[in-house]
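Novice: quick one, what's the 3D model for this:
(one chain, ligands or ions: 1)
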Amino acid sequence: MSGLVFVVSGPGGVGKSTLVAELMKRDPELWLSRSWTTREQRPGEAPDAYHFVTRAQFEAHIDAGGFLEWTNFLGNYYGTPQPNPPAGKDIVLEIEVDGASQVKKQHPNAVLIFVLPPSREEQRARLNARGDDERKVDQRLRKAEEEEPVGMALADHVIVNQKLEKTIADMLGVISDARRNR
Ligand code: 5GP
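Specialist: Model prediction:
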C-alpha cells in the first residue's frame, strides 16, 4: 500500500455513502474499497454496495488473514479486505469507528474524517428514508450516541454534514492538503 489512506467514518444516516460516491466521481485518483458484510441486502440497495457473504464465508476469510480490519456492528460482521489498489491510487474506506481505530493503529498516517449529522432529527429522517424498520432506526441512533465521542477523539478532521456541497468541498480540501504533505 503505497498511496494515502482516507477513512470516512461517522454514525449511520449521516450521509457517508452519498459523500463518498461524490468524492469518487470527482477525484479519479481515489480508489474505494468494497467491504464484506453478513448483513442482508436492503431493498433497493445496489448489489455491489457490499460483497454480501454468509457468516461461514466471513469467518473463513478472518481465519485466512484476509481482512485489514473487521468488526461486529449491531449483530453483523463488516470487514475491509486487504486492499490491493491500482498503482498510484489513494485508498478510501467507509467504515465505522471500531474499524477506523484498527486502521489507525496499523497505518498511523491514515487520515480519518469523521462526519457528524446536522441534528438527530435529520439523521432519523435519513435512516427512515432508507427503509429500515423503526426498531433498527432506534438501534442505530443509540449506537450513534456511543460512536460519536469515540470517533471525534480519533478523528483528524470532524465535519458536520449540513450542506452536501460544502461538506464535499471540505473533504476535497482535506484530501489535497494530505497529498501536499505526503
Ligand atoms: P450499513 O449496514 O448501514 O451499511 O453499515 C453499518 C456501519 O458499518 C456503517 O457505519 C458503515 O460505515 C460500517 N461499515 C461498512 N463497511 C465496513 C467495514 O468494512 N468495516 C467496518 N469496520 N465498518 C464498516
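Novice: can you check the pLDDT for the closest residue to residue 51 other than its chain neighbours?
Specialist: Among residues not flanking residue 51 along the chain, residue 36 sits closest, at 4.6 Å (C-beta to C-beta, 6 or more residues apart in numbering). The way it works is simple: take the backbone N, C-alpha and C, and place the C-beta from them, glycine included. pLDDT for residue 36: 98.
Novice: at the contact with the ligand, which residues of this protein appear?
Specialist: When proximity is defined as C-beta under 6 Å from any ligand atom, the chain approaches the ligand at 12, 16, 35, 39, 69, 71, 73, 78-80, 94-96, 98-99.
Novice: make it 5 Å
Specialist: Selection of the chain residues close to the ligand by C-beta under 5 Å from any ligand atom yields 12, 35, 71, 73, 78-80, 95-96, 99.
Novice: as a markdown table, the residues you listed with secondary structure and neighbour count would be great.
Specialist: Below are the residues of the chain next to the ligand laid out as a markdown table (DSSP: H, G, I helix; E, B strand; the rest coil; neighbours: other C-beta atoms under 10 Å):
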| residue | secondary structure | neighbour count |
| --- | --- | --- |
| 12 | coil | 22 |
| 35 | coil | 20 |
| 71 | strand | 18 |
| 73 | strand | 19 |
| 78 | strand | 22 |
| 79 | strand | 25 |
| 80 | strand | 23 |
| 95 | coil | 26 |
| 96 | coil | 20 |
| 99 | helix | 23 |
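Novice: burial measure for residue 40, as a count.
Specialist: By other C-beta atoms under 10 Å, the residues close to residue 40 number 9.
Novice: can you name the residue of the protein nearest to the ligand?
Specialist: In the chain, the residue that lies nearest the ligand is residue 99 (2.3 Å; C-beta to the nearest ligand atom).
Novice: confidence score at the closest residue to residue 42 other than its chain neighbours?
Specialist: Nearest residue to residue 42 in three dimensions, chain neighbours excluded: residue 131, at 6.0 Å (C-beta to C-beta, 6+ apart). With respect to pLDDT, residue 131 has a value of 85.
Novice: shouldn't residue 131 be in contact with residue 44?
Specialist: Yes: using C-beta atoms under 8 Å, residue 131 is in contact with residue 44, at 6.8 Å.
Novice: the two - which one has more neighbours?
Specialist: residue 131 (12 against 7).
Novice: how near is the more buried one to residue 147?
Specialist: 22 Å (C-beta to C-beta, to the nearest Å).
Novice: coming back round to it: quick one, what contacts the residue of the chain closest to the ligand?
Specialist: Contacts for residue 99 (C-beta atoms under 8 Å, 6 or more residues apart in numbering) come out as 9, 69-71, 78-80, 93.
Novice: so where is the chain shaky, pLDDT-wise?
Specialist: Within the chain, the stretches with pLDDT under 70 are 1.
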